[in-house]
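Below is the sequence, then the predicted model.
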Amino acid sequence: MSQRSTQHAAFTLERSYPAAPDRVFAAWANVDAKARWFTGPPGEWKVLKRELEFRIGGREHVSGAWAGGKVSRFDARYFDIVPNARIVYAYEMHIDDTRISVSLATVEFEPAGSGTRLRVTEQGAFLDGYDDAGSREQGTQALLERLGASLRA
């Protein structure tokens, strides 16, 4: 039996977007809009499957293959949705058949002039020796940059 361990990490990221909260919220709530930015690095990762059932109790699944052959899988469940204001979901990440983490994420949308101030807070449990070394926060930063680009397009 392998050694069991849990490492905890938390972070909060904030971004401002020049789009109204309803438009930024829709980028999380609509499968086609979310597919434009919620993806692995272009040229390094290819989506294999994407599903989104955006409602309280609904689920989301995204899996993809890395250039080296590993497959990552994101499986989420939505616990709280307040249109244009808040999303709370929990998700687990797998690399191939190994669960590497379980996280709670809160996304908050606040009007800021004619735009939106977005705040993402994540609390993660990294499992059985998986050393995140800050890559989840860095990956989320990259996703939020792609979200901004998709809103500008």
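Yep, it's here. Since this is a predicted model, take the numbers as computed values, not measurements. Numbers count the residues shown, from 1 in each chain.

how about D96, phi and psi?
The phi/psi pair for D96 (degrees, to the nearest 10) reads phi 50, psi -120.

May I have the residues that are in contact with it?
D96 makes contact with 70-71, according to CB atoms under 8 Å, 6 or more residues apart in numbering. Backbone N, C-alpha and C define where each C-beta goes, glycine included.

can you pull the pLDDT of it?
If you check D96, the pLDDT there is 97.

Just the CA atoms of the longest helix seen in the chain, as PDB, please.
Once the chain is assigned using DSSP state H, the helix that runs over the most residues is helix 135-152. Presented in PDB, the C-alpha positions along helix 135-152 are these (Å, rounded to 0.1, in the frame of the first residue of the first chain):
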ATOM      1  CA  SER A 135       1.000  25.100 -10.600                       C
ATOM      2  CA  ARG A 136      -2.700  25.200  -9.900                       C
ATOM      3  CA  GLU A 137      -2.500  28.900  -9.100                       C
ATOM      4  CA  GLN A 138      -0.400  29.500 -12.200                       C
ATOM      5  CA  GLY A 139      -2.800  27.500 -14.300                       C
ATOM      6  CA  THR A 140      -5.800  29.400 -13.000                       C
ATOM      7  CA  GLN A 141      -3.900  32.700 -13.800                       C
ATOM      8  CA  ALA A 142      -3.500  31.400 -17.400                       C
ATOM      9  CA  LEU A 143      -7.100  30.500 -17.700                       C
ATOM     10  CA  LEU A 144      -8.200  34.000 -16.500                       C
ATOM     11  CA  GLU A 145      -5.900  35.500 -19.100                       C
ATOM     12  CA  ARG A 146      -7.600  33.400 -21.800                       C
ATOM     13  CA  LEU A 147     -11.000  34.400 -20.400                       C
ATOM     14  CA  GLY A 148     -10.000  38.000 -20.800                       C
ATOM     15  CA  ALA A 149      -8.900  37.400 -24.400                       C
ATOM     16  CA  SER A 150     -12.200  35.600 -25.200                       C
ATOM     17  CA  LEU A 151     -14.200  38.500 -23.800                       C
ATOM     18  CA  ARG A 152     -12.200  40.900 -26.000                       C
END
